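Colleague: predicted model follows, preceded by the sequence.
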Amino acid sequence: MENKKKASLEVVFFHRKPRTVGNYSVEFIFEDVRKRLNGKINSRVVVSAYESAGLFKRLYNCYQAWRNQGQVNHITGDVNYLGLLLKRNATIQTILDCVHLNSSRGIKYSVLKLFWLSIPERRAKFITAISESTKQEILRHHKCDPNKIVVIPVAISSKFKKAEKPFNKECPRILQVGTAPNKNIPKLIEALQGLPCVLNIVGKQNDAYEALLKKYNIQYIYEWGLTDEQIMERYEQADILSLVSTYEGFGMPILEAQAVGRAVITSTLYSMPEVAGEAAVMVDPFVASEIRKGLEKVINDDSFRTDMIARGFENIKRFDPEVIAEKYLNLYQNVILSHSIS
C-alpha cells in the first residue's frame, strides 16, 4: 500500500499481524500519520505474515521484514524483534509500553528483555516512546543513551468531538473502557458500592467482574465487540470516564473523553498524570475510598467539574494529529540526515 503522491523520502511501516482479540489497534495511529504526511513521504506498509507467537513464525516475520526494507524502516510496536535483520542506521522502533517486562521474572524476564528491548535498541537509530513515563521505564530496564529515545505521544483522533450533554447528578453514567487486569475494575466496583450510578463497561466479558457487580448491587451495562462509531457514542452518553488503572503505557481514553467534554477520573501512576494534564481527578488506584472520594467530588461540585472539562479541551491541543505527524516527519528526516553525514 503506497501513498498516491510520490515523495523522495521512503518510509516502510512494519505492523504486527493483528490478533483477533485483545489488541488496541496502533495501526490506526500510523494510518493517520501516513495520511497527514501524504506528499511528504512515500510510504509502504508491511504487515507481518504471522501473529507474534512461536519461534519459527517470528523468524519468518524477521525474514519478511528484511526483504522489504526501505530508506527508513519504522517498526510500529509490539513486534520489536523485527529489527533483528534490518539496517541499524535506517530503523526506528516505537515502544508502546513495558508491561510484560514489569510483570516477568527470572529467565522469562531475561528473554523478553533481550528480544523486545536490548537487541531492538541496539539495532535501531532511534526509539520512539509514546510517553515520558514509557521512556523512563525503558531506561529502567535497559541502559542506553537517553537522547536516542524520542517521546512522541499518541494523537487524539479528530473523530472525537465536543458533544453537549446535561450532567446526570442523580445517577451518573460512568464509562470504563477496557477490562484487562491493569484496568483495576474490582477496585473501581468496590468504590462504587452504594453510589447511585450506571457503570458502562466496554471490554471482554469477565464472570468475576459481573459477580462483584451483582454482589455490590451496582447497575451496569457490559458490552463487547463495539464498532468505532458505537464506542464514540458511549463517550457521548457518559457523564464520567473512569481510568483508575494500575498501569498504562499512555491512556488514550483520557483524551477521548476530554475531547468529547466529559469529566475524567484517573490514576496517579505511570503515564496517566502526564496525559491528563490538569484536567482530571487523580486518585490512588489501590485505595477504593480515594476512588470514591474523587467520584463524589466530580458528581457534587458543579464548578469544579465544569472547570475541569474546560481544561480538558485545552489539554487535548497538545495531542493534535498534525503536530504529532510533523514530529514523526522530523524524525524520518533526521534518519536520512544521519545517513548523509556518516
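Modeller: Thanks, I have the structure now.
Colleague: after the lowest-mean-pLDDT helix or strand in the chain comes which helix or strand?
Modeller: Taking mean pLDDT, DSSP states H and E as the measure, the helices and strands of the chain show their lowest mean at helix 99-102, namely a mean of 87. In the C-terminal direction, the helix or strand that comes right after helix 99-102 (DSSP states H and E) is helix 106-113.
Colleague: buried residues in that next one, which are they?
Modeller: Leu112, Lys113 (16 or more other CB atoms under 10 Å). Any C-beta I mention is one placed from the backbone N, CA and C, and that applies to glycine too.
Colleague: how far does stretch 65-82 stretch from start to finish?
Modeller: Using CA to CA, to the nearest Å, the span of stretch 65-82 from its first residue to its last is 6 Å.
Colleague: got a list of contacts for it?
Modeller: 9-16, 23, 26-27, 29-30, 44, 46, 48, 52, 58, 61-62, 83, 85-87, 90-96, 115-117, 119-120, 124, 332, 335-336 (CB atoms under 8 Å, 6 or more residues apart in numbering).
Colleague: same question for stretch 216-225.
Modeller: Stretch 216-225 is contacted from outside by 171, 189-190, 192-194, 197-205, 209-210, 213, 230, 234, using CB under 8 Å, 6+ apart.
Colleague: please export the C-alpha coordinates of it as PDB.
Modeller: What follows is stretch 216-225, C-alpha atoms only, in PDB (Å, rounded to 0.1, in the frame of the first residue of the first chain):
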ATOM      1  CA  TYR A 216     -22.500  -4.800  45.500                       C
ATOM      2  CA  ASN A 217     -25.800  -4.300  43.700                       C
ATOM      3  CA  ILE A 218     -24.400  -1.900  41.100                       C
ATOM      4  CA  GLN A 219     -26.400  -1.100  38.000                       C
ATOM      5  CA  TYR A 220     -24.200  -1.900  35.000                       C
ATOM      6  CA  ILE A 221     -24.100  -2.300  31.200                       C
ATOM      7  CA  TYR A 222     -21.400  -4.800  29.900                       C
ATOM      8  CA  GLU A 223     -20.600  -4.500  26.100                       C
ATOM      9  CA  TRP A 224     -18.100  -6.200  23.900                       C
ATOM     10  CA  GLY A 225     -17.300  -6.000  20.200                       C
END
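Colleague: buried set for it?
Modeller: Neighbour-count burial for stretch 216-225 flags Ile218, Tyr220, Tyr222 (criterion: 16+ other CB under 10 Å).
Colleague: before we move on, which element is the second one in?
Modeller: Going back to what we said before, that points to Tyr220. Per DSSP H and E, the secondary structure element for Tyr220 is strand 219-223.
Colleague: for this structure, what spans make up the helices?
Modeller: Listed from the start of the chain, the chain has helices (DSSP state H) covering 27-36, 55-67, 99-102, 106-113, 119-122, 132-141, 185-191, 207-215, 228-237, 252-260, 272-276, 288-300, 302-315, 321-341.
Colleague: thanks again, I'm all set now.
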